[in-house]
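**Q** the sequence and its predicted three-dimensional model are supplied below.
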Amino acid sequence: MVDLKARPYYLSDEDCKWVQETMASMSAEEKVGQLFFQLTSSHDEEHLRELMEKYHLGGCRYNPAPGAAVQEQNRKLQKYAKVPVFIACNTEAGGDGACADGTLIGSGVKIAATAKEEYAYELGKMSNEEASAIGCNMAFAPVCDIAYNWENTEIIGRAFGNDPERVAKMSAAYLKGAHTIDGFACAAKHFPGNGLDFRDAHIANNVNDFDLDKWEATYGMVYRTLIENDLDAIMGGHILMPKVAREINPQLRDEDMMPATLSPEIMTTLLRDRLGFNGMVVTDASHMVGMTNRMKRSEMLPLAINAGCDMFLFFNDPEEDFATMLNAYKDGVISEERMTEALTRILGLKAHLGLHRKAKEELVPTPEFLQGVLGKEEYKEMQKRISNDAITLVKYKDKDVFPLTPERYKRIMIVHVKGNGGAMGELMKMMGYGGGNPAEALKEKLCAKGFDAFIYESPLDVMKKQIAAGEKPDINIYFAGKNAIADFVKDMDLVITLCDVSSGRPSFGMSKGGGEIPWYVFELPVVVVGCGQPTMLADVPQARTYINTYDAKDSTLDALVEKLVAGEDAFTGVDPIDSYCGLFDTRL
């Protein structure tokens with residue numbers, strides 16, 4: 001069923017013997033434990049010891065933390081593991097996906113905007129050098145989805161754009177970069193392909209409605225390319241594929257249609273039989289509604305394994321989920337044949353990484369090694385180069401705006417437009433993640449160039465100050481705060497509307513006559529900058545000049561200011577998606 005001497009394993013006879021002997025020595029509990037990837041909730045040693053000794057985990061993910069703390073956690077995990085454990089990270093945009101003090105290199109869409117495959121290679125290499133230094137041995141990356149739908153906020157900034165050929169080449173380049181690191185694997189995501197539906201599988205269904213021919217020419221081509229480049233593993237997405245599933249199994253009823261992670265038509269027939277993928281498969285997170293809304297959890301766990309997934313991502317309740325899977329195995333719901341197949345792939349990949357040849361204390365590098373890798377200057381320089389090459393002048397209707405000079409535009413007003421990051425965004429802010437204020441940073445950089453830049457204070461901000469001072473807020477400021485156009489524009493020469501939106505839609509103050517929404521694009525020059533999600537033209541279609549920077553890191557804002565001052569020819573980035581969002585009015 002599994003050829004351990006073929007790609008992606010290439011095992012020797014000795015390695016194959018280790019896989020078989022290890023499997024033969026396992027108890028039922030140890031076999032079931034290998035099927036689980038768990039999210040660690042604490043670095044406490046007793047907690048980590050219980051995970052490994054009671055639940056016999058096959059793999060672990062963890063919450064954000066500084067590199068030294070993650071490294072120490074990983075050392076404890078391997079210490080108590082009978083079989084070396086996969087430790088995975090989300091290095092899809094840089095080492096900051098492995099630890100809080102890792103280096104952001106650039107998101108998928110930002111790399112795509114440079115049109116340079118070598119940057120995707122460096123992303124795979126550099127981000128996972130940092131990950132490996134803290135003891136990780138697997139990346140849940142690259143993101144090889146295709147950004148067809150601009151309203152899909154789940155992957156619009158993470159994928160390598162909307163061109164299948166570019167996605168295939170850059171995903172393969174990332175994989176090659178990661179494979180320069182000894183003992184490191186990649187799990188590409190999210191099979192069979194996100195990016196068509198506008199909905200987020202974390203909170204709703206997600207549908208890929210391509211038929212088989214169309215899928216083969218796009219997503220299928222991407223995965224075939226990766227498989228041919230020795231892709232180690234695949235993360236299955238909770239994505240419904242009704243047309244493809246029905247082409248494979250014409251007897252399927254609508255009510256029997258399952259997301260890919262629960263569908264044998266997709267995970268076995270399409271992935272294994274048609275694409276010939278011999279590597280390991282892990283589900284995406286099992287708390288996502290795209291997976292949980294189809295049946296009881298007690299039915300879902302064994303079905304994911306029976307559908308063709310080898311590992312299940314995250315317990316809900318460890319005791320309950322472990323017992324559910326164990327009972328399914330003991331009762332024959334998960335057959336011995338299927339268990340053997342899954343374990344062969346899991347252990348085979350561990351052998352391919354050479355984990356079985358290392359002593360426990362060698363599985364995680366020393367703290368001294370970490371200091372020599374984390375935050376290398378060459379990583380930071382790469383980030384700067386990518387920022388310089390990626391920034392994209394998408395729309396430029398008023399050809400005389402650039403270059404910006406203090407002589408032409410002394411007074412620059414910066415309007416900071418924020419997004420609604422939702423509950424997770426608020427939690428990350430509470431935990432201290434999310435960076436500083438890009439509007440303040442941009443103001444300082446412009447002032448250093450001789451401009452007199454200032455940040456716009458909205459009527460709503462004024463009212464908040466009144467309330468904080470114990471005063472009764474003046475509602476008229478918000479609802480009737482209009483003034484003459486001449487009065488509004490007299491204190492500024494140019495406006496930069498900074499759309500700081502990482503997901504979803506921007507949150508405008510909506511005040512009457514205020515400055516949050518650039519209604520005044522014909523009254524004075526306005527430059528709209530998307531420094532997060534690259535689809536802000538849909539919300540500010542009246543923009544005459546629109547730029548995507550893809551993030552608001554310090555080096556990115558440095559590059560932006562240099563280009564604003566240099567002029568139109570300084571912008572070398574190419575639009576990796578349709579930043580006009582397929583809308584008529586965004587091009588006016």
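**A** Happy to help now that I have it. Numbering: from 1, shown residues only.

**Q** in the chain, which residue is closest to the centre?
**A** Note on the chain: the residue nearest the mean C-alpha position is Arg158, at 5.0 Å, using CA atoms, centre = their mean.

**Q** ramachandran angles for it?
**A** Here is the backbone geometry of Arg158 (degrees, to the nearest 10): phi -100, psi -30.

**Q** what about the closest residue to it other than its chain neighbours, how many residues nearby?
**A** Ranked by CB to CB, 6 or more residues apart in numbering and with sequence neighbours excluded, the top spatial neighbour of Arg158 is Val143, at 4.5 Å. In short, each C-beta sits where N, CA and C put it, glycine included. Under the neighbour criterion other CB atoms under 10 Å, Val143 is assigned a count of 28.

**Q** so what's Val143 up against?
**A** By CB atoms under 8 Å, 6 or more residues apart in numbering, the contact list for Val143 reads Glu92, Gly108, Ile155, Arg158, Ala159, Phe160, Ser171, Ala188, Lys189, His190.

**Q** rerun that using 10 Å as the cut-off
**A** Contact partners of Val143, counting by CB atoms under 10 Å, 6 or more residues apart in numbering, are 90, 92-93, 107-109, 154-155, 157-160, 167, 170-171, 174, 188-190, 194-195, 235.

**Q** before we move on, what about Gly354?
**A** Applying CB under 10 Å, 6+ apart to Gly354 gives the contacts Asp15, Pro84, Asn137, Asp182, Gly183, Leu363.

**Q** ranking these by neighbours, who comes first?
**A** When the contacts of Gly354 are compared by neighbour count (other CB under 10 Å), Asn137 ends up highest, at 28 neighbours.

**Q** so it makes contact with Ile181?
**A** Yes. Under the criterion of CB atoms under 10 Å, Asn137 lies in contact with Ile181, with a separation of 9.1 Å.

**Q** which neighbours do those two share?
**A** Any residue near both Asn137 and Ile181 by CB under 10 Å, 6+ apart counts here, and that gives Asn128, Ala131.

**Q** select only the buried ones of the contacts of Val143 in PyMOL?
**A** What follows is the PyMOL syntax for the buried subset of these, where burial is set by 16 or more other CB atoms under 10 Å:
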select buried, resi 90+92+93+107+108+109+154+155+157+158+159+160+167+170+171+174+188+189+190+194+195+235
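
**Q** re earlier: and the residue nearest to Arg158, how close does it get to Gly308?
**A** Val143 is 21 Å from Gly308, where distance means CB to CB, to the nearest Å.

**Q** what's the answer for Leu583, then?
**A** Using CB to CB, we find Leu583 at a distance of 39 Å from Gly308.

**Q** export the contacts of Gly354 to CSV and tack on distance to Leu343 and secondary structure?
**A** As requested, those are arranged in CSV below (distance: CB to CB, whole Å; DSSP: H, G, I helix; E, B strand; the rest coil):
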residue, distance to Leu343, secondary structure
Asp15, 15, helix
Pro84, 14, coil
Asn137, 18, coil
Asp182, 24, coil
Gly183, 20, coil
Leu363, 20, coil
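
**Q** tell me which of those residues is nearest to Arg385?
**A** Within the contacts of Gly354, distances to Arg385 taken as CB to CB reach their minimum at Asp182, with 26.1 Å.

**Q** contacting residues for the closest one?
**A** Ser132, Asn137, Leu353, Gly354.

**Q** determine which two of those are furthest apart.
**A** The two members of the contacts of Asp182 with the most space between them (CB to CB) are Ser132 and Gly354, at 12.5 Å.

**Q** quick one, which of Leu583 and Gly308 is more surrounded?
**A** Gly308 (26 against 13).

**Q** you'd agree that one is up against Val282?
**A** No. When contacts are counted by CB under 10 Å, Gly308 is not listed as touching Val282 (11.4 Å).

**Q** shared neighbours, these two?
**A** Residues touching both Gly308 and Val282 (CB under 10 Å, 6+ apart) are Gly236, Thr261.

**Q** my read: Met382 touches Met126, true?
**A** Yes. Met382 is in contact with Met126 according to CB under 10 Å; the separation is 6.2 Å.

**Q** looking at those two, which is more packed in?
**A** Of the pair Met382 and Met126, Met126 is the one with more neighbours under other CB under 10 Å, namely 25 against 21.

**Q** for that one, which non-adjacent residue is spatially closest?
**A** Using CB to CB, 6+ apart, the closest residue to Met126 is Tyr379 (5.0 Å).

**Q** what about the one you found, neighbour count?
**A** Using other CB under 10 Å, Tyr379 has 22 neighbouring residues.

**Q** then Lys243?
**A** When counting by other CB under 10 Å, one arrives at 17 neighbours for Lys243.

**Q** can I assume it sits in a strand?
**A** No. If the criterion is DSSP: H, G, I helix; E, B strand; the rest coil, then Lys243 is helix and not within a strand.

**Q** what about the closest residue to it other than its chain neighbours, neighbour count?
**A** Spatial nearest neighbour of Lys243, chain neighbours left out: Asp211 (4.5 Å); criterion: CB to CB, 6+ apart. Here the number of neighbours of Asp211 (other CB under 10 Å) works out to 13.

**Q** all helices for the stretch 401-550 of the chain, in order.
**A** The residue ranges that make up the helices of the stretch 401-550 of the chain, judged by DSSP state H, counting those that start in this stretch, are 422-430, 438-448, 459-468, 475-479, 485-489.

**Q** likewise the stretch 151-300 of the chain?
**A** Taking DSSP H, counting those that start in this stretch as the criterion, the stretch 151-300 of the chain carries its helices at 164-178, 212-217, 219-228, 242-248, 264, 289-292, 297-307.

**Q** by contact count, what packs against the helix or strand just after the fourth one?
**A** Tracing the chain C-terminally past helix 242-248 and defining elements by DSSP states H and E, one meets helix 264 next. Counting contacts by 3 or more CB pairs under 10 Å, 6 or more residues apart in numbering; DSSP states H and E, helix 264 is packed against helix 297-307.

**Q** where in the stretch 451-588 of the chain is pLDDT low?
**A** Low-confidence regions of the stretch 451-588 of the chain, defined by pLDDT under 70, span residues 477-482, 510-513.

**Q** at 80 what do you get?
**A** Low-confidence segments of the stretch 451-588 of the chain, defined by pLDDT under 80, span residues 458-463, 474-483, 509-514.

**Q** any chance you could map the strands in it?
**A** With DSSP state E, counting those that start in this stretch as the definition, the stretch 451-588 of the chain shows strands at residue ranges 452-455, 494-500, 506-507, 526-530, 545-548.

**Q** now render these as TSV, adding distance to Ile414 and mean neighbour count.
**A** Compiled in TSV, these are given as follows (distance: least, CB to CB, whole Å; neighbours: other CB atoms under 10 Å):
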stretch	distance to Ile414	mean neighbour count
strand 452-455	5	17
strand 494-500	5	25
strand 506-507	15	17
strand 526-530	9	26
strand 545-548	14	26
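
**Q** what would the ones you listed look like in CSV with distance to Val289?
**A** Below are those laid out as CSV (distance: least, CB to CB, whole Å):
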stretch, distance to Val289
strand 452-455, 38
strand 494-500, 28
strand 506-507, 24
strand 526-530, 28
strand 545-548, 30
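
**Q** scan this protein for its longest strand.
**A** Longest among the strand segments of the chain by residue count, using DSSP state E, is strand 411-419.

**Q** list the buried ones in that strand?
**A** Of the residues in strand 411-419, those buried under the neighbour-count criterion (16+ other CB under 10 Å) are Ile412, Met413, Ile414, Val415, His416, Val417, Lys418, Gly419.

**Q** likewise stretch 175-184?
**A** Of the residues in stretch 175-184, Leu175, Lys176, Gly177, Ala178, His179, Ile181, Phe184 count as buried by neighbour count, 16+ other CB under 10 Å.

**Q** mind putting those residues in TSV, distance to Pro367 included?
**A** As requested, the buried residues of stretch 175-184 are arranged in TSV below (distance: CB to CB, whole Å):
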residue	distance to Pro367
Leu175	29
Lys176	29
Gly177	25
Ala178	23
His179	26
Ile181	19
Phe184	20
